[in-house]
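Student: when you get a sec, could you give me coordinates for this:
(chains A and B)
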Amino acid sequence: MEWERQRRAPIYEALMKYKTTRVVPFDVPGHKQGKGNPQLVDFLGEKCLSIDVNSMKPLDNLGHPVSVIKEAEEIAAEAFSAYHAFFMVNGTTSAVQAMIMSVCKQGEKIIMPRNVHRSAINALIISGAVPVYVNPGVNKELGIPLGMSVAEVEKVILAHPDAKAILVNNPTYYGICSNLRRITQLAHEHNMLVLVDEAHGTHFYFGEDMPLSAMAAGADMAAVSMHKTGGSLTQSSFLLIGEKMNPGHVRQIINLTQTTSASYLLLVSLDISRRNLALDGVRIFEKAIKLANYGREEVNRIGGYYAFGKELNNGDSVYDFDATKLSIHTRDIGLAGIEVYDILRDDYGIQIEFGDIGNILAIISMGDRALDLERLVSSLSEIKRLYQRSKAGMLSHEYINPIVATTPQKAFYSQQYSVPIAESEGLISGEFVMAYPPGIPILAPGERITREIIEYIDYAKAKGSSLTGTEDMAIGNIKVLEE
Amino acid sequence: MELWYTEYHTDTARFSIKVNKQLYSGQSEFQRIDVFESEEFGTFFTLDGLIMATEKDEFIYHDMIVHVPMATNPNIKNVLVIGGGDGGTVRELTRYETIESIHMVEIDKLVVDVCRKFMPLTSCKLDDPRVELFFEDGLKYVRDKENAYDLIIVDSTDPFGPGEGLFTREFYGNCFKALNEKGILVNQHESPYYEGDALAMKRAHRRVREFFPISRVYQAHIPTYPSGHWLFGFASKEFDPLQFDEEAWNKLGLKTKYYNTEIHKGSFALPNYVLEMLANADKE
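Tutor: Predicted structure coming up:
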């Protein structure tokens, strides 16, 4: 990486220059640098509105970049050691969709872990690709899904040699990493491309002693949520590609769904954040890791809670752990993670990332302060003192191999009708059914409903697992396909 | 040439002291620390541009934060002071021979170092053999203490910046746990007068009241604090500060400049608008 080049921020520089030219705007947006909407200026600030402008020659055009955006993308690619980097303004969701749509056409297969993000399934609905699922495995004590085991991946690759690509979710929401290098080698040996949903892994590219990043592992595409741990504005993201990919083709795919009015607030936030991380990322993430490790130690010192970390590593389905995630198992104090999540917010004014039945997750990043972490730890200590109760039984999860009867796309566009779940055996589901924990879909659109699945749904319900996905909020009925 | 120290009490109200010279200015890991010498208030020090203590009026604050709980329970032996880097609270505590140990937890060591050098009036007893200093976050310190203290005094800055953790529910809950069954918690309780301070005051009161069966508020007049009208919180598991043995305290023969047992009783009588705020603290 060339340091002098990383000091540049071409979009930022172009916007600064634009401000000094005092251009008279007879184009959109209609607020005309804020002058037409004083209340919004009052709330967001004049600086913010003055650069909320449209694409124009000196500021380039995201859909067809030739000047400052092109340069900013090249510098970003260097920072991430990628062949090319795309600035994304429709969220990492659109980056995940662009990855899948770039490599799979209608009817082509893609291998993915069963616990993929909703955005990947939605991409299947748009593209018509056929999913082949890999069992992610579950840590039974914690009730969390793990990474992809190399043996499982190999088994699926051999069973589906015609698959075009494999999608890896790395790290998972809980911070679990797969053996990305080995999975990539394996996929490439079988002429499959490797796509990585790296929404929670921006810091892997800039911190020291981090789990391996997708580009470093030789993956072909990666969707990186710069806004999650990289400091840019919500909804801004990077799509990275390796040298096997054709940037022109990927750009075409992105342009199918991405806005033609890209926000310069989002673009400049990516540009400035990339510069910040390239120049100062080592220090920034060293501090974040130190804080997270301190948090883990202190939470474990309280007793009852289990803040897990690298000790989960098993060389395969937990190949590595992202230490910036402060994931805490709460079940042993008799409280569900979601209960602790609610108490923290309602009673202590602390908002954490999520809570499921067994765990909570606090994300530690560049903006965290030691004194805020002390508050979190002290609040957890208080919650234990005030609310601890005896431990309830944990749901034991058995992975049920899904039977993909038709593509998610066909299922989505088919005529559907509603039946009671108890009477749905043998029919094809038109909906998702998810159970938290462990956050792995039991059914996805296009999958055959079996007796085993119906029994599992009953069991999860009885165990107090939180079920979601169906139109019927009570999960009593399910929509199925007319066949 | 005139040199004035000016502090914003609100966005549109300021308080100024003419300064002879600035004795110190420094930035710690947590805050900016300044020390000034003035005609009217003697030497005074500020944190992030807010007056903490002046030589002339510090006695009011330190008398009231220490002698009210000490007169309420003369058997207090183990005391925890959180904050209080200037040492004034510890100085008043050391006057009680019956106290066996004083733990002072100050997050910012530089505050103590600066006060030792420039504010000997308040810091003079920090080396008393019963005093032990801990330089760490008070919120962290109390977390694993259980049934350990007779009295906790929260001598903190305002709830913005390094002191903000000391106005939280988790902190008061942890203090409750750190106190024994006769324990008393006294805290710097902000001012009811200006809106910003009053909000912090109400929040603190609401949270303390959740944990302690007895929770009262008392007041003092402190000329250099915003509006001059300052409150203290008195929370306790058993002792009511209005039922105390006046004679016992007077027999100790401690000479005080502000506190006396009549003031003690009177300070719990509050203006109507403050009573109303406290009564409605739950509703906000």
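
Student: okay, and B:Ser16 sits in which element?
Tutor: Element membership of B:Ser16 [criterion: DSSP states H and E] is strand B:13-27.

Student: now that strand: average pLDDT?
Tutor: Strand B:13-27 carries an average pLDDT of 97.

Student: name every strand pairing with the very next helix or strand once past it and say which way it goes.
Tutor: Sequence-wise, the next helix or strand downstream of strand B:13-27 (DSSP H and E) is strand B:32-38. Sheet pairing for strand B:32-38, assigned by DSSP bridges, gives strand B:13-27 (antiparallel), strand B:42-47 (antiparallel).

Student: kindly export the last one (C-alpha atoms) in CSV.
Tutor: Just to be clear, that refers to strand B:42-47. What follows is strand B:42-47, C-alpha atoms only, in CSV (Å, rounded to 0.1, in the frame of the first residue of the first chain):
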residue,chain,number,x,y,z
GLY,B,42,-8.4,32.8,46.8
THR,B,43,-6.9,30.0,44.9
PHE,B,44,-9.4,27.9,42.9
PHE,B,45,-9.3,25.1,40.5
THR,B,46,-11.5,24.1,37.6
LEU,B,47,-12.1,20.9,35.6
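
Student: check which element follows it along the chain.
Tutor: strand B:50-54.

Student: mean confidence for that following strand?
Tutor: 96.

Student: which elements pack onto the helix or strand following it?
Tutor: With elements assigned by DSSP H and E, the helix or strand that comes after strand B:50-54 is helix B:58-72. Where contact means 3 or more CB pairs under 8 Å, 6 or more residues apart in numbering or on different chains; DSSP states H and E, helix B:58-72 is packed against helix B:88-93, helix B:120-123, strand B:149-155, strand B:179-188, strand B:214-221, strand B:229-236, helix B:246-252, helix B:261-266. In this view, the C-beta of every residue, glycine as well, is placed from N, C-alpha and C.

Student: what sits up against the helix or strand following helix B:58-72?
Tutor: The helix or strand immediately downstream of helix B:58-72 is strand B:78-83, counting by DSSP H and E. Surrounding strand B:78-83, the residues in contact under the criterion CB atoms under 8 Å, 6 or more residues apart in numbering or on different chains are B:89-90, B:93, B:99-107, B:138, B:141-142, B:145, B:148-157, B:163, B:166, B:178, B:188.

Student: just the CA trace of strand B:78-83, in CSV.
Tutor: Extracted C-alpha coordinates of strand B:78-83, given in CSV (Å, rounded to 0.1, in the frame of the first residue of the first chain):
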residue,chain,number,x,y,z
ASN,B,78,-15.4,2.5,57.1
VAL,B,79,-15.9,5.2,54.5
LEU,B,80,-15.6,5.2,50.8
VAL,B,81,-15.2,8.6,49.0
ILE,B,82,-15.7,8.5,45.2
GLY,B,83,-14.2,11.4,43.4
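
Student: and it, which strands flank it?
Tutor: When pairing is defined by DSSP bridges, strand B:78-83 lines up against strand B:101-105 (parallel), strand B:149-155 (parallel).

Student: okay, the angle between that strand and strand B:50-54?
Tutor: 130 degrees (axes from the mean of the first three to the mean of the last three CA atoms, to 10 degrees).

Student: centre of the chain to strand B:78-83, how far?
Tutor: Centroid displacement of strand B:78-83 relative to its chain, using CA atoms, centre = their mean, to the nearest Å, is 11 Å.

Student: name the residues of chain A found near chain B, please.
Tutor: Contact residues (CB under 8 Å from any CB of the partner chain) of chain A with chain B: A:298, A:301-302, A:347-349, A:370-371, A:374-375, A:377-379, A:381-382, A:385-386.

Student: tell me which entries of those lie within strands.
Tutor: The strands, defined by DSSP state E, take in nothing from the residues of chain A next to chain B.

Student: okay, now the nearest residue in space to A:Asn276 that is not next to it in sequence: neighbour count?
Tutor: Nearest residue to A:Asn276, sequence neighbours excluded (CB to CB, 6 or more residues apart in numbering or on different chains): A:Gly231, at 6.3 Å. Here the number of neighbours of A:Gly231 (other CB atoms under 10 Å in any protein chain shown) works out to 21.

Student: near chain A, which residues of chain B?
Tutor: Residues of chain B lying near chain A (CB under 8 Å from any CB): B:137, B:139-140, B:143-144, B:162, B:164-165, B:168-171, B:173-174, B:177.

Student: just the buried residues of those.
Tutor: Taking 16 or more other CB atoms under 10 Å in any protein chain shown as the criterion, what is buried in the residues of chain B next to chain A is B:137, B:139-140, B:143, B:162, B:164-165, B:168-171, B:173-174, B:177.

Student: okay, now the unreliable bits of the stretch 351-483 of chain A?
Tutor: A:392-397, A:436-439 (pLDDT under 70).

Student: the same query, at a cut-off of 90, please.
Tutor: When residues are selected by pLDDT under 90, those of the stretch 351-483 of chain A lie in A:354-358, A:366, A:371, A:389-401, A:432-442, A:444, A:455-476, A:483.

Student: what about stretch B:78-94, start to end distance?
Tutor: Stretch B:78-94 has an end-to-end distance of 12 Å (CA to CA, to the nearest Å).

Student: likewise stretch A:225-232?
Tutor: Taking CA to CA as the measure, stretch A:225-232 stretches 9 Å from start to finish.

Student: give me the domain ranges for chain A.
Tutor: Domain assignment of chain A by automatic domain parsing yields the ranges A:3-278, A:282-387, A:408-481.
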